[in-house]
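1. sequence and predicted structure are below.
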Amino acid sequence: MSISLTGPTAAITTNSISAGTYSFVAELARDNRSKAFVVSTLGGTQTGVEIHRVDAPKRFVVKNPATFLQPSAYNVTTGRYGRVPKNSTRVIGTGSAKVAANQYETIPITLDIGIPAGSMSYDRANVEASVLMFIAGLYDQKEEIVQALYDGLI
């Protein structure tokens, strides 16, 4: 399955955004191992929120590892692989916010998912469960995370 954001996304609600949805259009990625999308339409109640512009970006990028690595040789004495490298996929969000009238600054949001080489073939269920657990925790705590960005209290 290939990543292809369209829209609208599932509605997200916080104290200040009511049923916020985002529609995306594909953007030319900066390298050949990435896919990029920008917000073209907003839905729900998002007063003051802007769609993607050059000076106010709202971008979502998924980037594959430069090369997919394999585990090193199996050690029959210890019963373990000597070195298990991580194949890291990076998910990058670039948002923006005003710091003064008509002056936007970017908000970089980065998530690295380091999957141990070989684990997708050997134990896909636990890899999927680990990623879904993380996404569920983010979604469940979305309001608390946003509040912590405001007041610094976790």
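-> Everything's here; your move. Numbers count the residues shown, from 1 in each chain.

2. what about the residue lying closest to residue 8 once chain neighbours are set aside, which helix or strand?
-> Excluding the flanking residues, the one nearest residue 8 by C-beta to C-beta, 6 or more residues apart in numbering is residue 21, at 3.6 Å. Any C-beta I mention is one placed from the backbone N, CA and C, and that applies to glycine too. Using DSSP states H and E, residue 21 maps to strand 18-27.

3. packing partners for that strand?
-> strand 34-45 (3 or more C-beta pairs under 8 Å, 6 or more residues apart in numbering; DSSP states H and E).

4. go through the strand it packs on and flag the buried ones.
-> Within strand 34-45, the residues that count as buried by 16 or more other C-beta atoms under 10 Å are 35-40, 42.

5. also stretch 56-75?
-> Result for stretch 56-75 [16+ other C-beta under 10 Å]: buried residues 56-63, 65, 69, 71.

6. list the contacts of stretch 37-50.
-> Stretch 37-50 has contacts (C-beta atoms under 8 Å, 6 or more residues apart in numbering) with 5, 7-8, 11, 13, 17-27, 51-52, 56-61, 96.

7. stretch 96-104 too?
-> 50, 55-58, 105-107.

8. Serialize the residues you listed to TSV and add fields for pLDDT, secondary structure and distance to residue 75.
-> Listed next are the contacts of stretch 96-104 as TSV, based on pLDDT from 0 to 100; DSSP: H, G, I helix; E, B strand; the rest coil; distance: C-beta to C-beta, whole Å:
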residue	pLDDT	secondary structure	distance to residue 75
50	88	coil	55
55	90	coil	55
56	91	coil	53
57	93	coil	47
58	93	coil	48
105	93	strand	50
106	94	strand	46
107	93	strand	45
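
9. quick one: those as a markdown table, columns for distance to residue 143 too.
-> Output for those, formatted as a markdown table (distance: C-beta to C-beta, whole Å):
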| residue | distance to residue 143 |
| --- | --- |
| 50 | 22 |
| 55 | 28 |
| 56 | 24 |
| 57 | 24 |
| 58 | 20 |
| 105 | 23 |
| 106 | 23 |
| 107 | 17 |
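
10. out of the residues you listed, who's nearest residue 81?
-> Proximity of the contacts of stretch 96-104 to residue 81 (C-beta to C-beta) peaks at residue 107, which lies at 38.9 Å.

11. what mean pLDDT does the strand holding residue 21 have?
-> The average pLDDT within strand 18-27 is 90.

12. fine, thanks again, bye for now.
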